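>>> How does the following fold in three dimensions:
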Amino acid sequence: MPSQSTRIVYIAGYGRSGSTLLDIALGQHPAVVGAGEITSLTRHVWSHNEYCACSHPIRDCAVWSTVLQEWSKGWDSTLMSEYCALQQKFEGLPMFMKVFCGVGLGKQFAPYALHTKRLFDAMLSCSGRQMIVDSSKLPGRAMALAQIPGIDMRVIHLVRDGRGVAWSLLKGYERDEKSGLQKEIKPKSVFRTALRWSIVNLAVEYLLRKLGPQKVMRVRYEDFASNPVEIMREIGTFLELDLTEIGSTLQNGRPIGPGHQVAGNRLRMNASIALNKDEAWRTRMPAGQQVSFQRLGGWMLRRYGYL
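Numbering: from 1, shown residues only. Down below sits the predicted model:
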């Protein structure tokens with residue numbers, strides 16, 4: 001197992017903001033494991049045998065089956081269920097209140113920290129790479145990871161115009177496991193999205209205050225889609241990686257291929273993916289729904305330069 005600090009790139013933010021695409025893009029670098037939403041691996045992906053981006057059920061995936069075998073070595077069969085319970089306890093927004101109020105994390109945080117780092121180290125050991133991208137998005141999980149000794153984490157706060165997020169979430173999808181939809185996705189109201197988009201992004205901003213600007217950078221999805229060369233250069237400087245070639249590939253419209261991302265957007269199941277700004281909401285989203293979002297989330301839209 002690696003003895004040095006375990007390097008994690010954590011993509012935080014709200015859903016439908018391009019985290020899966022950024023995960024796949026960063027995973028093109030030979031030193032990086034683009035792993036998808038790692039929190040879901042032990043919560044439901046493994047137990048339900050859901051699909052990896054390689055198009056195989058997770059238990060038939062040569063990569064993840066090896067990682068989980070390494071992770072569970074020396075532990076009994078209850079490890080997965082017990083760890084999942086620890087995730088429920090420490091990866092939600094209440095984690096922020098504990099850190100903010102200076103409340104102790106309790107005795108159960110030690111096994112959570114132990115098994116989380118063991119899982120990351122198993123991923124690095126089995127892949128032979130040096131850095132992991134975790135696009136779980138949950139700000140509570142990012143705060144929890146920041147408390148684990150031996151983890152060197154950088155956070156990318158990925159933001160997308162909330163009106164585009166709301167438009168995307170207005171559409172429902174039937175369950176289609178092979179296409180990456182493990183359950184039915186029901187439409188979400190504009191009001192619900194505006195409220196949750198604002199709260200989650202504010203929570204991620206608190207990470208910057210807590211961890212410092214050297215550990216957190218903000219990226220707007222629209223800027224990434226419009227000028228991937230420049231944004232990948234900035235991310236590369238932040239992560240101390242040369243991402244120039246990946247930025248050029250995206251800028252020229254050449255497709256990239258997913259690796260072994262777990263959970264995340266269904267586009268990870270495509271054999272090749274091209275960068276798409278996707279601003280159809282500007283012409284297709286009814287003006288009344290846009291105004292409804294702005295009434296609740298307008299101040300945050302202004303904060304990120306969208307108004």
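>>> how far does stretch 93-111 sit from the chain's center?
Per CA atoms, centre = their mean, to the nearest Å, the displacement of stretch 93-111 from the mean C-alpha position of its chain is 22 Å.
>>> Give me the distance between Ser136 and Leu170.
Distance, Ser136 to Leu170, by CB to CB, to the nearest Å: 24 Å. Where you see a C-beta, it was placed from the backbone N, CA and C, and this is true even at glycine.
>>> actually Leu41, not the one I typed
For Leu41, the distance to Leu170 - CB to CB - is 29 Å.
>>> Please apply the same query to Leu79.
When Leu79 is compared with Leu170 (using CB to CB), they lie 40 Å apart.
>>> Looking at Ser136 and Leu170, which one has more neighbours?
Per other CB atoms under 10 Å, whichever of Ser136 and Leu170 has more neighbours is Ser136, with 26 against 16.
>>> for the host helix or strand of the more buried one, packing partners?
Using DSSP states H and E, Ser136 sits in strand 131-137. Counting contacts by 3 or more CB pairs under 8 Å, 6 or more residues apart in numbering; DSSP states H and E, strand 131-137 is packed against strand 6-13, helix 19-26, strand 32-34, helix 38-40, helix 109-127.
>>> residues in contact with the nearest residue to Ile8 once chain neighbours are set aside?
In space, and not counting its chain neighbours, Ile8 is closest to Met153: 4.4 Å by CB to CB, 6 or more residues apart in numbering. By CB atoms under 8 Å, 6 or more residues apart in numbering, the contact set of Met153 is 7-10, 142, 145-146, 211, 215.
>>> Please state the backbone phi and psi of Met153?
For Met153, the backbone dihedrals (degrees, to the nearest 10) come out as phi -110, psi 140.
>>> which outside residues touch the helix or strand encompassing Leu195?
For Leu195, the host element (DSSP H and E) is helix 190-211. Under the criterion CB under 8 Å, 6+ apart, residues 12-14, 93, 96, 99-100, 137, 139-140, 142-143, 146, 153, 155, 157, 159, 162, 165-166, 169-170, 215-216, 218, 289, 292-293, 295-297, 300, 304 lie in contact with helix 190-211.
>>> Likewise for stretch 39-47?
50, 58-59, 64, 68, 80, 83-84, 87, 91, 119, 134, 136, 138, 141, 182, 262-263.
>>> Return the subset of those lying in strands.
The members of these that map onto strands under DSSP state E are 134, 136.
>>> And the contacts of stretch 39-47, which of them are buried?
50, 58, 64, 68, 80, 83-84, 87, 91, 119, 134, 136, 138, 141, 182, 262-263 (16 or more other CB atoms under 10 Å).
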